[in-house]
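Visitor: got a predicted model here, sequence first, then my questions.
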There are 2 protein chains.
Amino acid sequence: MRLSDSIESFIKTMLNEESTEVELKRNELAEYFGCAPSQINYVLATRFSPDHGYLTESRRGGGGYIRIVRVVESGSQRLMYLVNERIGDSLGENECARLISQLKEQRIVTPDEASLMAAALSSRALGIPVPDSMKDALRARMMKSMLMTVAARNGK
Amino acid sequence: MRLSDSIESFIKTMLNEESTEVELKRNELAEYFGCAPSQINYVLATRFSPDHGYLTESRRGGGGYIRIVRVVESGSQRLMYLVNERIGDSLGENECARLISQLKEQRIVTPDEASLMAAALSSRALGIPVPDSMKDALRARMMKSMLMTVAARNGK
DNA sequence: CGTCATCTGACTTTCTTTGACCTACGAAGT
DNA sequence: ACTTCGTAGGTCAAAGAAAGTCAGATGACG
């Protein structure tokens, strides 16, 4: 098992129990997992970014800390943000996958819908026939189109 | 016996025992068969493609893996028919819409899923960025990809 | 022999982990 | 107040670990 994954799930467990907010000591955590402290930053950057639905703040010096907050947003807020701001006219594959899995975690779409979306937008699906430069543009349009559909459904 | 065939049946055995899903390490498998790692990709591409009823996903880097999911029972002809014969490698917009509404009628997908699919495949989503000749090819691939996903869900 | 399927190896891309160095904060001394 | 020092977190680049790609070699089979 990947170290990063262990750290990720460790933090998520804390977030589930103590709900919506955790505070931790970077060095202690690194010590606990027997890794470099900067590893913690890596995990935060790759798994607790705003795209993943989290905010982090921290403080250095004596008594320093890192605080992680799980953002709670209504479904339609999130969808509007994604459609109008977050997704411009280009959306990379990994970014796309991340957004979809976050929508799933926040229960804005069902797991089945999430896999359907992922299937439609996977590079395998967009695969051969489209020149590379266009894939991201295409993904952005399709993603927005699907999100609007979800929004319409949720609205009615 | 051909190497590819050995690898193929090795994987299929795993899929029969541990049922419907395997995770493997490309390098280990290549080591085991004493071949180049890229040989594994060849086998995946030629024998475990979606057209054959399988989905694959993978991850690079430390702790990377390849996961193969068997989606279609070798008996289930209906879906393979859709995937291989009916759709082929080109799917026009009207035909596509017809197909989706059929799937809905037959309760293979929910109404919500149907609209999601329609949204992804609408000409508006595929709109400007893609040269006309490619749209149908694209639709075909996306449709198949989504169908496979639906099949994966219905199978379990 | 010609063609299609199979194999290989060199090169690329992506993800993870570590370590060296940097910056900020607080408290203790002057 | 001002300096200094110890404690924490931040940054970044380089090394490491897998998997992906693709052109060309090799082989099987009509």
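Guide: It's in. Residues are numbered from 1 along each chain as shown, chains lettered A, B, ... in the order given.

Visitor: the worst-scoring helix or strand of chain A on mean pLDDT near DNA strand C at all?
Guide: Sorting the helices and strands of chain A by mean pLDDT, DSSP states H and E puts helix A:123-126 at the bottom, at a mean of 78. No: against DNA strand C, helix A:123-126 shows no contacts by Cβ under 7 Å from any atom of the strand, the least distance being 9.8 Å. Where you see a C-beta, it was placed from the backbone N, CA and C, and this is true even at glycine.

Visitor: wait, does that helix contact chain B?
Guide: Yes: counting by Cβ under 8 Å from any Cβ of the partner chain, contacts between helix A:123-126 and chain B involve A:Arg124, A:Ala125, A:Leu126.

Visitor: after that helix, which helix or strand is next?
Guide: Counting by DSSP states H and E, the next helix or strand C-terminal to helix A:123-126 is helix A:132-155.

Visitor: other SSEs contacting the least confident helix or strand of chain A?
Guide: Here helix A:123-126 touches helix A:132-155, helix B:132-155, going by 3 or more Cβ pairs under 8 Å, 6 or more residues apart in numbering or on different chains; DSSP states H and E.

Visitor: mind redoing it with 6 Å?
Guide: helix B:132-155 (3 or more Cβ pairs under 6 Å, 6 or more residues apart in numbering or on different chains; DSSP states H and E).

Visitor: pLDDT of the helix it packs on, averaged?
Guide: Mean per-residue pLDDT for helix B:132-155: 83.

Visitor: could you list the buried residues of it?
Guide: Within helix B:132-155, the residues that qualify as buried by neighbour count (16 or more other Cβ atoms under 10 Å in any protein chain shown) are B:134-152.

Visitor: these: which ones sit near DNA strand C?
Guide: Applying Cβ under 7 Å from any atom of the strand to the buried residues of helix B:132-155, none is adjacent to DNA strand C.

Visitor: re earlier: using CSV, write out every CA atom in the least confident helix or strand of chain A.
Guide: C-alpha atoms of helix A:123-126 as CSV (Å, rounded to 0.1, in the frame of the first residue of the first chain):
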residue,chain,number,x,y,z
SER,A,123,-9.1,9.1,-22.7
ARG,A,124,-10.0,5.6,-24.0
ALA,A,125,-13.4,6.9,-25.1
LEU,A,126,-12.0,10.0,-26.6
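
Visitor: can you pull the buried residues of it?
Guide: Quick answer for helix A:123-126 (16+ other Cβ under 10 Å): A:Arg124, A:Ala125, A:Leu126.

Visitor: make JSON lines out of those residues and add distance to DNA strand D.
Guide: Output for the buried residues of helix A:123-126, formatted as JSON lines (distance: Cβ to the nearest atom of the strand, whole Å):
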{"residue": "A:Arg124", "distance to DNA strand D": "9"}
{"residue": "A:Ala125", "distance to DNA strand D": "13"}
{"residue": "A:Leu126", "distance to DNA strand D": "12"}
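
Visitor: pLDDT wise, what is the residue nearest to the spatial centre of chain A at?
Guide: The residue lying closest to the centre of chain A (Cα atoms, centre = their mean) is A:His52, at 2.2 Å. pLDDT, A:His52: 93.

Visitor: roughly how far does it sit from DNA strand C?
Guide: Using Cβ to the nearest atom of the strand, to the nearest Å, one obtains 12 Å as the distance from A:His52 to DNA strand C.

Visitor: leaving out the residues flanking it, which one is nearest to that residue?
Guide: A:Gln102 (5.7 Å; Cβ to Cβ, 6 or more residues apart in numbering or on different chains).

Visitor: chain B versus the one you found, what's the distance?
Guide: 17 Å (Cβ to the nearest Cβ, to the nearest Å).

Visitor: helices and strands around whatever helix or strand that residue lives in, which ones?
Guide: If you go by DSSP H and E, A:Gln102 is part of helix A:93-105. On a contact count with 3+ Cβ pairs under 6 Å, 6+ apart, helix A:93-105 meets helix A:111-121.

Visitor: what sits against A:Leu116?
Guide: Neighbouring residues of A:Leu116 by Cβ atoms under 6 Å, 6 or more residues apart in numbering or on different chains: B:Glu113, B:Leu116, B:Met146, B:Thr149.

Visitor: swap that for A:Val150, please
Guide: Contacts of A:Val150 (Cβ under 6 Å, 6+ apart): A:Val109.

Visitor: go again with 10 Å.
Guide: A:75-76, A:79, A:83, A:103, A:108-110, A:113, A:117, B:112, B:115-116, B:119 (Cβ atoms under 10 Å, 6 or more residues apart in numbering or on different chains).
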